[in-house]
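Peer 1: Show me the folded form of this:
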Amino acid sequence: MARILLVDDNQDSRFAVVETLRKLTDHAIEEVDSGPATLERVRRNDYDLVLLDVQMPGMDGFEVCRRLRADDRTRRLPVLFLTATHYQVESRLKGLEVGADDFIVQPISNQELVARIKSVLRVKALADEIRQHNTELESKVRQRTVDVEKLANQLRAERDILRETFDVFDEGMSLVGPSGALEVVNAAGRRLYDSPVRSELESLAREAIEKAVPCDASVMHASRAYLARAYPVSGGRAVLSVRDVTQDRDREVRRLQAEKLASIGMLAAGVAHEINNPAAFVLANIEALVGQMRAIEEKVRELPGATTSSTAGEVGAVLFEATAMLQESKEGMVRIHRIVRDLGSFSHADDDSTAPINVNAAVESALTMLRNELKYRARVERDLRATSAVRANSARLGQVFLNLIMNAAQALDESGIKRNIVTVRSFEDGGDVVVQVQDNGAGIPAEVMPHIFDSFFTTKPRGVGTGLGLPISQGIVRSMGGEITVDSRPNVGSIFRVRLPAVAAPVAAGSSEPPLPVHGYSRRRILAIDDEALLLKAYRRMLGDMHDVQTAVGAQEALRVLANDRQFDAILCDLQMPDVSGAELYGTVRLRYPGLAERFIFVTGGAFSADAKRFLEESACSVINKPFRVEELLTMIESKIEASVAAGDRPPADPPVAVA
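Peer 2: Predicted coordinates:
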């Protein structure tokens, strides 16, 4: 049932229409007789159709329709015009212009009137249904739009979180499309793609896509090492992961370097041990020969007519020359001893222990090691004034100075040896000790200066430099609380400064001068144990005039001697012996003859194993290094015995024997 508003100023016409509709339909019919009344009624009520007469006084039907269409509330309300025949054409045209839906030309049959009204109402119902569907669809679209926007916001938030998460990683991550374009990339990956290694990364991604297998590559950029890996994924794309492996590589290099140094150290210690053993008895024999030559010279002077005989004069001259030669040989052996000692200090570069040391000793050791390298390149000037100690590892600090002095020498042109100078200075500066290594070479170029402490960076030819000397030296100095700095000027030279904090502590043993000789010794009984028979003979020659010396070749023979005779004031024992070491012999003697254990003086040519070093630290036994001078050995024997007497371990010795 529809609600219809009939508008006509003629009451008879309204009556006819109302009667027809009431008889033939069930629609509700309301009536008004003017245009203004129509507008007022539709504003207050909802209608499904307006039957509107065209000719009305005041406001005609066309104006009413125009106003209905102008109002948003009524612009969709169907309007069916009632018009007379003679106005048919004009009414239709004007009605279409103002928005009428149809025309009923009077007079009209009742059935046609009902059919026309039914048709318009059907169109309205369809239009209302469409509008309702549109409204529902718009509502659904709005809701879906809201849902999509929420989802988009969520996706954007997740994307931002994912990007922030990936940007935290130092590892470059990127998704590379089939064309090579970056589809997704984090900050680290973007930096790498904006660097010169982009072509290598793109090539790696293409390789992984083409082969459909993960591919790896190593790339270098700005002294940094990267491991890149590309994984093929669906859609002809590749996930590219780039990891900075500089620290891993440096750690591996340091490990290999440490192993290399340890191997070199073991070799150096072994060489030092093998040199020191023969050097010990050679030096002892030279000293004995010097004594014998002096004795022969005394005998020659005592011969009758020695002061007037030309033969005696010639013999004296020969003896003097021979004595001078022996003295020079002795000085040569002392130099060998010093070189081997310095070599031995570098053999313990893997030892992390520190002690207060004087930097001058480490500098001198480095200069000794580089003597041959320097003498063909430059003149070395020393100005070592530092007296304060620094807490450091002597071997590692020596390695630093070795690297710096070697670099200074290699920075000089060999053809200019006459003008080349390497200057090494040490001095105090405030609370620090500074060691300065200076050369007068070409200097370091400005573009190279920022990279000199980068691992593997080197300007030297392949095979000459590894690019590790300065980085390792910097690490060593920093581990000791110091710093390395450098100043360089083109065509003037470079100055490297090692600055270490000074410590108020006595300098570690080993950097002081040898003890002064003692000119009187009490006669003692000495047992000398060594696997070198020639060294045992040298002991008898060196000590025979002052002490009673008995020898034993190896530990087993020494135990047999001690089983029968234990009246020895001191026991000289080699630390490194085959079959049974000096430490093992000491342990056995300590169990069997406890009183003799405190009389051991260990003699070593170096090559301390970890067990040997631990034994010496724990036992606190006296140690003397080969080769040694007679005075050093005699002084140590006397000091050992005096300490035992003072502790009540044995009775006082016989009166001292004078030594020339």
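Peer 1: Glu183 - that's part of a strand, no?
Peer 2: Yes: checked against DSSP: H, G, I helix; E, B strand; the rest coil, Glu183 lies within a strand.
Peer 1: which of the residues in stretch 579-596 are buried?
Peer 2: 580-583, 585-586, 589, 596 (16 or more other C-beta atoms under 10 Å). C-beta here means a position set from N, CA and C on the backbone, and glycine is covered the same way.
Peer 1: what kind of secondary structure is the most centrally placed residue in the chain in?
Peer 2: Nearest to the mean C-alpha position of the chain, by C-alpha atoms, centre = their mean, lies Gln247 at 3.2 Å. Three-state assignment for Gln247 (three-state DSSP): helix.
Peer 1: I'd like the distance between it and Val219.
Peer 2: 16 Å (C-beta to C-beta, to the nearest Å).
Peer 1: show me where the stretch 301-450 of the chain has helices.
Peer 2: 310-346, 359-369, 371-375, 394-410 (DSSP state H, counting those that start in this stretch).
Peer 1: In CSV: those helices, plus mean neighbour count and mean pLDDT.
Peer 2: Converted to CSV, the helices of the stretch 301-450 of the chain look like this (neighbours: other C-beta atoms under 10 Å; pLDDT from 0 to 100):
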stretch, mean neighbour count, mean pLDDT
helix 310-346, 15, 68
helix 359-369, 22, 85
helix 371-375, 13, 77
helix 394-410, 24, 85
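Peer 1: And these: which comes nearest Ser13?
Peer 2: helix 394-410 (121.7 Å; C-beta to C-beta).
Peer 1: chain center to the closest one, what's the gap?
Peer 2: Relative to its chain's centre, helix 394-410 lies at 23 Å (C-alpha atoms, centre = their mean, to the nearest Å).
Peer 1: next one: stretch 220-238
Peer 2: 21 Å.
Peer 1: and the end-to-end length of that stretch?
Peer 2: By C-alpha to C-alpha, to the nearest Å, the extent of stretch 220-238 from end to end equals 21 Å.
Peer 1: pLDDT-wise, which helix or strand of the chain ranks last?
Peer 2: The weakest-scoring helix or strand in the chain, judged by mean pLDDT, DSSP states H and E, is strand 656-658 (a mean of 44).
Peer 1: follow-up on the earlier one: how about the buried residues of stretch 579-596, which pair is most distant?
Peer 2: Ser581 and Leu596 (17.2 Å).
Peer 1: show me where pLDDT drops low in the stretch 51-200 of the chain?
Peer 2: Per-residue confidence for the stretch 51-200 of the chain (pLDDT under 70) gives these ranges: 84-91.
Peer 1: residue ranges of the strands in it, please?
Peer 2: Applying DSSP state E, counting those that start in this stretch to the stretch 51-200 of the chain gives strands spanning 79-84, 102-106, 172-176, 182-185.
Peer 1: The stretch 551-660 of the chain now?
Peer 2: Ranges of strands within the stretch 551-660 of the chain are 570-574, 600-604, 622-625, 656-658, based on DSSP E, counting those that start in this stretch.
Peer 1: Switch those over to JSON lines; also include mean neighbour count and distance to Arg69.
Peer 2: Shown next, in JSON lines, are the strands of the stretch 551-660 of the chain (neighbours: other C-beta atoms under 10 Å; distance: least, C-beta to C-beta, whole Å):
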{"stretch": "strand 570-574", "mean neighbour count": "25", "distance to Arg69": "126"}
{"stretch": "strand 600-604", "mean neighbour count": "22", "distance to Arg69": "120"}
{"stretch": "strand 622-625", "mean neighbour count": "18", "distance to Arg69": "121"}
{"stretch": "strand 656-658", "mean neighbour count": "12", "distance to Arg69": "143"}
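Peer 1: Start and end of stretch 594-601, how far apart?
Peer 2: 15 Å.
Peer 1: Show me what the mean pLDDT comes to for it.
Peer 2: Stretch 594-601 carries an average pLDDT of 89.
Peer 1: cool, and stretch 440-453?
Peer 2: Mean predicted lDDT for stretch 440-453 stands at 83.
Peer 1: Please shift the residue numbers so they start at 42 in all later answers.
Peer 2: With the count now opening at 42, the last piece we talked about shows up as stretch 481-494.
Peer 1: Just the terminal-to-terminal distance for it.
Peer 2: Stretch 481-494 stretches 21 Å from its first residue to its last (C-alpha to C-alpha).
Peer 1: buried stuff in that stretch?
Peer 2: Buried residues in stretch 481-494, defined by neighbour count with 16+ other C-beta under 10 Å: 481-485, 492-494.
Peer 1: one step back: I'd like to know which of the helices of the stretch 342-491 of the chain lies nearest to Leu584.
Peer 2: Closest among the helices of the stretch 342-491 of the chain, using C-beta to C-beta: helix 351-387, at 17.5 Å.
Peer 1: Other residues contacting stretch 253-273?
Peer 2: Residues outside stretch 253-273 that contact it (C-beta atoms under 8 Å, 6 or more residues apart in numbering): 213, 217, 233, 236-238, 241-242, 244-246, 248-250, 252, 279-287, 290, 492, 495-498.
Peer 1: among those, which ones are buried?
Peer 2: 213, 217, 233, 238, 241-242, 245-246, 248-250, 279-285, 287, 290, 492, 496-498.
Peer 1: quick one, domains of this structure?
Peer 2: The chain breaks down into these domains under automatic domain parsing: 44-174, 213-285, 400-547, 561-699.
Peer 1: how about TSV for those, with distance to Met334 added?
Peer 2: Formatted as TSV, those follow (distance: least, C-beta to C-beta, whole Å):
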stretch	distance to Met334
domain 44-174	131
domain 213-285	63
domain 400-547	30
domain 561-699	13
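Peer 1: Val331: which of those is closest?
Peer 2: Among those, domain 561-699 comes nearest to Val331, with 10.0 Å by C-beta to C-beta.
Peer 1: quick one on the thing from earlier: mind checking how far the residue nearest to the centre of the chain is from Ala266?
Peer 2: For Gln288, the distance to Ala266 (C-beta to C-beta) stands at 9 Å.
Peer 1: Gly102 now?
Peer 2: 93 Å.
Peer 1: Looking at this protein, which helix is longest?
Peer 2: helix 151-209 (DSSP state H).
Peer 1: any weak-confidence spans in the stretch 542-691 of the chain?
Peer 2: Applying pLDDT under 70 to the stretch 542-691 of the chain flags the ranges 546-562, 647-651, 688-691.
Peer 1: Tell me which stretches of it form helices.
Peer 2: Going by DSSP H, counting those that start in this stretch, the stretch 542-691 of the chain shows helices at 574-584, 596-605, 623-633, 635-638, 651-660, 671-687.
Peer 1: Now, the buried ones among the contacts of stretch 253-273 that are in strands?
Peer 2: Using DSSP state E, the subset of the buried ones among the contacts of stretch 253-273 located in strands is 213, 217, 279-285.
Peer 1: Which one of these is nearest to Ala57?
Peer 2: Of those, the one sitting nearest to Ala57 (C-beta to C-beta) turns out to be Val217, at 84.7 Å.
Peer 1: Enumerate every residue touching Glu153.
Peer 2: Taking C-beta under 8 Å, 6+ apart, we find Glu153 in contact with Ile145.
Peer 1: From Phe144, how far off is it?
Peer 2: Applying C-beta to C-beta to Glu153 and Phe144 gives a distance of 12 Å.
Peer 1: same thing with Leu674?
Peer 2: Taking C-beta to C-beta, one finds Leu674 at 144 Å from Phe144.
Peer 1: And Leu367, by the same measure?
Peer 2: 150 Å.
Peer 1: same deal with Val331?
Peer 2: Using C-beta to C-beta, which is the criterion applied here, Val331 is 151 Å from Phe144.
Peer 1: Also Val533?
Peer 2: Val533 sits 111 Å away from Phe144, going by C-beta to C-beta.
Peer 1: What segments of the stretch 192-341 of the chain are helices?
Peer 2: Using DSSP H, counting those that start in this stretch, the helices of the stretch 192-341 of the chain run over 228-234, 239-252, 287-343.
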